[in-house]
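S.K.: Sequence first, predicted model second:
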Amino acid sequence: MFQADILKEIARNCNVKKDEPMSLHTTFRIGGPADYYIETCYIEDFINIVRYLQKENCRYFIMGNGSNLLVHDEGYRGIVVSTRGFKDINTVNESTDNKSCVIQRLDEVNIYHAGSSDVVQFFMDSGYLSDASFLKHGNLVHAGGGILLSSLANAIGENGMAGFEFAGGIPGTLGGAVAMNAGAYGGEICDVLEGVRVITSDGSIKVLNKNMLGMGYRTSIIQKENMVVLDALFAFENGSREQVLGRMKELNRKRREKQPLEHGSAGSTFKRPEGHFAGQLIQEAGLKGYRCGDIMVSGKHSGFVVNVGNGTFKQAMDVINHVKEEVMKHSGIEMELEIKIL
């Protein structure tokens, strides 16, 4: 049986809220109250909380920024644990030694320009690296799973490293992005990822290198086996700071022009069917602008189902199910959800 007071003993910095509306914590702005909503930032506290919930057989759900989540109007009968206890990067540590290799907070970033042999050996011994082939890149970035991708991309770009520009406009956290191998504009997390540290469904802590992650289109072993990312290691090439930041600015401009960022949503609603584009299939089925209450297929980009007012879970599901049915009738293609339903 879950007891909120016990968390004060096992976690130094957590915030526990009872009957917290999930609409306040999702970009879709939909969702009734969770029985309990817990915010934490320190990795040690997070591990202790998850292990406690597992030991007590509590029903719980781990969430980051709530950017790909649709929550039921009646809420969640259980405990939601958020990795977004704090809203900004704690520190960006720049180093050439291994003194700062250990990530303490879920929003922390350690940067190693041309990492020294000690740093390389630390990550080799820890299991993040399968080999030293990444040395051609020269730079390592070690980041906590609760950091926003946009914040991490900015830190990487400001330090003159190339390869993460695609992630600058993705609204989620690093942990969720790694689990689903998030991508945009021709880039994916797996392109630059070296290894991760996770907590498993039985409370074990494991380090997995990139060869063990089984990453594919919007999937990985992390997602399939319900693991949660604690931190991740990346390798990047040197680049021009001005060019990298300029590329990020250009991609963000394209997002603003093409995506309905002015409305609440959970991002791309459906996965891309092989050989097709979800938005195009939806538009060809005559569903652009299709609406139920305050939920509609975006008139700007048909791949997004958006909340234009006070939309509800039921309205969202009505629109989603109608889209799936009509696309199947029109093209014979089954649409698979990319967003998660809670």
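M.R.: Sure, I can see it. Numbers count the residues shown, from 1 in each chain.

S.K.: What segments of the protein are helices?
M.R.: 7-10, 43-55, 117-126, 149-158, 174-179, 221-224, 241-258, 278-284, 313-331 (DSSP state H).

S.K.: What average pLDDT does the fifth one get?
M.R.: If I follow you right, that is helix 174-179. The pLDDT scores in helix 174-179 average 96.

S.K.: Using CSV, write out every CA atom in it.
M.R.: Provided in CSV are the C-alpha atoms of helix 174-179 (Å, rounded to 0.1, in the frame of the first residue of the first chain):
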residue,chain,number,x,y,z
LEU,A,174,15.8,12.6,-23.3
GLY,A,175,14.6,9.4,-21.6
GLY,A,176,11.5,9.1,-23.6
ALA,A,177,13.3,10.1,-26.8
VAL,A,178,15.9,7.3,-26.3
ALA,A,179,13.2,4.7,-25.5
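
S.K.: other SSEs contacting it?
M.R.: helix 149-158, helix 221-224, strand 228-238 (3 or more C-beta pairs under 8 Å, 6 or more residues apart in numbering; DSSP states H and E). (Each C-beta comes from the backbone N, C-alpha and C, glycine too.)

S.K.: So which of these is the most surrounded?
M.R.: For the helices and strands packed on helix 174-179, the largest average neighbour count (mean count of other C-beta atoms under 10 Å) is found in strand 228-238, namely a mean of 23.

S.K.: Which of the helices of the chain sits closest to Gly195?
M.R.: For the helices of the chain, proximity to Gly195 was assessed by C-beta to C-beta; helix 117-126 is nearest, at 7.3 Å.

S.K.: possible to save the helices and strands packed on helix 174-179 as CSV with mean pLDDT?
M.R.: Output for these, formatted as CSV (pLDDT from 0 to 100):
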stretch, mean pLDDT
helix 149-158, 94
helix 221-224, 96
strand 228-238, 95
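
S.K.: hang on, Phe270 packs against Leu337?
M.R.: Yes. With contacts counted by C-beta atoms under 8 Å, Phe270 reaches Leu337, the gap being 6.1 Å.

S.K.: Going by neighbour count, which residues in the helix or strand bottoming out on mean pLDDT in the chain are buried?
M.R.: Within the chain, no helix or strand scores below strand 92-94, which has a mean of 71 by mean pLDDT, DSSP states H and E. Neighbour-count burial for strand 92-94 flags Val92 (criterion: 16 or more other C-beta atoms under 10 Å).

S.K.: any idea how far the closest residue to Glu336 other than its chain neighbours is from Gly286?
M.R.: Take Glu336 and drop its neighbours on the chain: the residue closest to it by C-beta to C-beta, 6 or more residues apart in numbering is Lys271, 4.7 Å away. Using C-beta to C-beta, to the nearest Å, we find Lys271 at a distance of 21 Å from Gly286.

S.K.: which of these two has more neighbours?
M.R.: The neighbour count for Lys271 versus Gly286, taken as other C-beta atoms under 10 Å, is higher for Lys271 (16 against 10).

S.K.: my guess is the more buried one meets Gly216, correct?
M.R.: No. Taking contacts as C-beta under 8 Å, Lys271 lies outside contact range of Gly216: 11.3 Å.

S.K.: As a check, name the ranges of all strands in the stretch 51-200 of the chain.
M.R.: Per DSSP state E, counting those that start in this stretch, the stretch 51-200 of the chain carries strands over the ranges 60-63, 69-70, 76-82, 92-94, 109-113, 139-144, 161-162, 183-184, 187-188, 193-199.
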